[in-house]
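Asker: next come a sequence and a model predicted from it.
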Amino acid sequence: MVSNTADRLVPAALTTVAVLCSVVTSWVLHGAFARPDAANVVPVLLLWGSVVMISAPGIRARPNARHIVLILIVALVVRLPLVGSPPLLSDDLYRYLFEGAALNAGHNPFLQAPADLVGFEEALRVEVNHPEVSTVYPPVALWWFRGVALGGSPWVVQAATVMADLVTPAAIAVATRRAWPAWVYALHPLPAIEAAQGAHLDVLGVALAALGVALWRRGALTAAWWSVLAGACAKLLPVVLLPTLLVQLRRRGWTPIALAGLLVASVVSVLLLALPVLDAGPALLTGVQTYADHWSFNGFVFSWVEDWDEPPRRALVLVGAAVGLWAFARSTDPAAVWAVAGAAFVLLSPTVHPWYVLWAMVPALLCERWGWSLAAVPLLASYTVLFAYDPTTGTWSEAPWLWWITWPPAIGALAWTHYRREWMATAPYPAANSSRNGSEAM
């Protein structure tokens, strides 16, 4: 239950602010005449995120079932004003709809890019960005596309993604047994925008992985495995949790034969899910290879090396893999491994759209750390790139100042929260005393 008056008033006040900001954001998007106008939401998002992060990490309650339901209701209310708003911040959902419709019609999006299907669902096809590139998505994602394509409208994808997104704050509350991380996620503008406006697939992948962590911490190890595997089949990053889960199953008494059976069942399940597109053969990797070799946007490290004659894309991948292995060797907690791998992904990736930050933000909250939630606020300013959007080419020019208005404050936020936590852990009695009423979670 909510423990005291402050823990009742703070969520109520923050909910009011978040809902008002959500309504204003939706109003700006509905009133936009073109995609550059959508960048006008950035000041609203920065205000929204700043207000939430000033107060939400200080909520000290430990949630019961009723409190979790309240958090989910608030998360839904915050997101609802954005459902139905034009997808101007990102148009990825048009690809989701088109590829789902193509699959439902018997086409293989690994073999036939949208540009190859002229005349098929033309109203959707002309909205797909980079139509010459074949799909890059794993099997659960493709089945998700098939489902939302039955609705045939952007708002259906947005609404479905919001419902998937509600899994995450519930999983965070169950996994941590604290209210504040779930409140941060429920009220924060990043997940609200990326679920209810952009309808990004990352929201589904994050939700399944977070559910897996919650199940693991509650002792449902087999269910945790299948949830994380489903997350990895929606977006690939949750695969980093699977080795840790496998080791934990062995430590909990699973025999090698049982583990082998689980792995075989997992491979068979993935192949069955992918069966409609397996005839693509080597073309299954064409889109991924194109993305890996050519895409870049506002990368923290990559922005400094992309002008080299040979940008070290593969070297950054190897560094990220090494960091993931290091995390696996150090921790038995899948959330901790995910937190390190997610942070490495965001910091090392050549492409860092705002929704990518969810892969660092959510596992950090599962570990009761709010640094990435704070860092996500200035990173939302990367949407200002839309001011330079060219509607004739469907592209934008990334200004040199974009990195400077997003990454330095984000890294500063991470450093400040880290050293503040370290100081509180070693402080004399007054700080230690304050930690017993919940502020250690900050």
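Answerer: Structure received.

Asker: give me the most central residue, this protein.
Answerer: Relative to the mean C-alpha position of the chain, the nearest C-alpha, by C-alpha atoms, centre = their mean, is the one of Leu358, at 3.2 Å.

Asker: and the gap between it and Arg250?
Answerer: 30 Å (C-beta to C-beta, to the nearest Å). C-beta coordinates here come from the backbone N, C-alpha and C atoms, glycine included.

Asker: Leu271 too?
Answerer: Taken as C-beta to C-beta, the span from Leu271 to Arg250 is 24 Å.

Asker: and for Asp333?
Answerer: For Asp333, the distance to Arg250 - C-beta to C-beta - is 16 Å.

Asker: and for Ala283?
Answerer: 37 Å.

Asker: can you check Gly219 too?
Answerer: To Arg250, Gly219 is 16 Å away according to C-beta to C-beta.

Asker: give me the more crowded residue out of those two.
Answerer: Comparing Gly219 with Arg250 by neighbour count (other C-beta atoms under 10 Å), the higher total belongs to Arg250, at 13 against 9.

Asker: quick one: that one and Ala260 touch, right?
Answerer: No. In this structure Arg250 lies outside contact range of Ala260 using C-beta atoms under 8 Å: 11.2 Å.

Asker: in stretch 104-118, what's buried?
Answerer: Buried residues in stretch 104-118, counted by 16 or more other C-beta atoms under 10 Å: His107, Asn108, Pro109, Phe110, Leu111, Gln112, Ala113, Pro114, Leu117.

Asker: quick one: which of those residues sit in helices?
Answerer: Within the buried residues of stretch 104-118, no residue falls in helices by DSSP state H.

Asker: and which of these is nearest to Pro36?
Answerer: When the buried residues of stretch 104-118 are compared for distance to Pro36 (C-beta to C-beta), Pro114 wins out at 24.1 Å.

Asker: quick one: contacts for the closest one?
Answerer: Pro114 makes contacts with Arg95, Phe98, Glu99, Ala102, Arg125, Val128, Pro131, Glu132, as judged by C-beta atoms under 8 Å, 6 or more residues apart in numbering.

Asker: kindly reformat the residues you listed as JSON lines containing neighbour count and distance to Pro409.
Answerer: As requested, the contacts of Pro114 are exported to JSON lines (neighbours: other C-beta atoms under 10 Å; distance: C-beta to C-beta, whole Å):
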{"residue": "Arg95", "neighbour count": "24", "distance to Pro409": "31"}
{"residue": "Phe98", "neighbour count": "27", "distance to Pro409": "37"}
{"residue": "Glu99", "neighbour count": "27", "distance to Pro409": "36"}
{"residue": "Ala102", "neighbour count": "26", "distance to Pro409": "41"}
{"residue": "Arg125", "neighbour count": "20", "distance to Pro409": "39"}
{"residue": "Val128", "neighbour count": "23", "distance to Pro409": "34"}
{"residue": "Pro131", "neighbour count": "19", "distance to Pro409": "36"}
{"residue": "Glu132", "neighbour count": "10", "distance to Pro409": "36"}
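
Asker: make JSON lines from those and add pLDDT to it.
Answerer: Below are those laid out as JSON lines (pLDDT from 0 to 100):
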{"residue": "Arg95", "pLDDT": "96"}
{"residue": "Phe98", "pLDDT": "96"}
{"residue": "Glu99", "pLDDT": "96"}
{"residue": "Ala102", "pLDDT": "96"}
{"residue": "Arg125", "pLDDT": "93"}
{"residue": "Val128", "pLDDT": "92"}
{"residue": "Pro131", "pLDDT": "91"}
{"residue": "Glu132", "pLDDT": "92"}
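
Asker: just the closest of those to Val23, please.
Answerer: The closest of the contacts of Pro114 to Val23 turns out to be Arg95 (C-beta to C-beta; 28.0 Å).

Asker: got the contact list for that closest one?
Answerer: With C-beta under 8 Å, 6+ apart as the criterion, the residues that contact Arg95 are Pro114, Val128, Asn129, Thr135.

Asker: would you mind measuring from the closest residue to the last one other than its chain neighbours to Gly324?
Answerer: So the one you mean is Thr135. Excluding its sequence neighbours, the residue lying closest to Thr135 (C-beta to C-beta, 6 or more residues apart in numbering) is Pro109, at 3.9 Å. Using C-beta to C-beta, Pro109 is found at 29 Å from Gly324.

Asker: equivalent analysis for Gln112, please.
Answerer: Applying C-beta to C-beta, the value for Gln112 to Gly324 is 34 Å.

Asker: pLDDT wise, what is Ser3 at?
Answerer: You'll see Ser3 listed with a pLDDT of 50.

Asker: repeat for the one 4 residues further on
Answerer: Reading off the per-residue confidence, Asp7 sits at a pLDDT of 69.

Asker: what about the strands in the stretch 1-150 of the chain?
Answerer: Using DSSP state E, counting those that start in this stretch, no strands are found in the stretch 1-150 of the chain.

Asker: so, low pLDDT: which residues of it?
Answerer: Flagging of the stretch 1-150 of the chain using pLDDT under 70 yields the residue ranges 1-7.

Asker: closest to Ala173 out of the contacts of Pro114?
Answerer: The closest of these to Ala173 turns out to be Arg95 (C-beta to C-beta; 32.6 Å).
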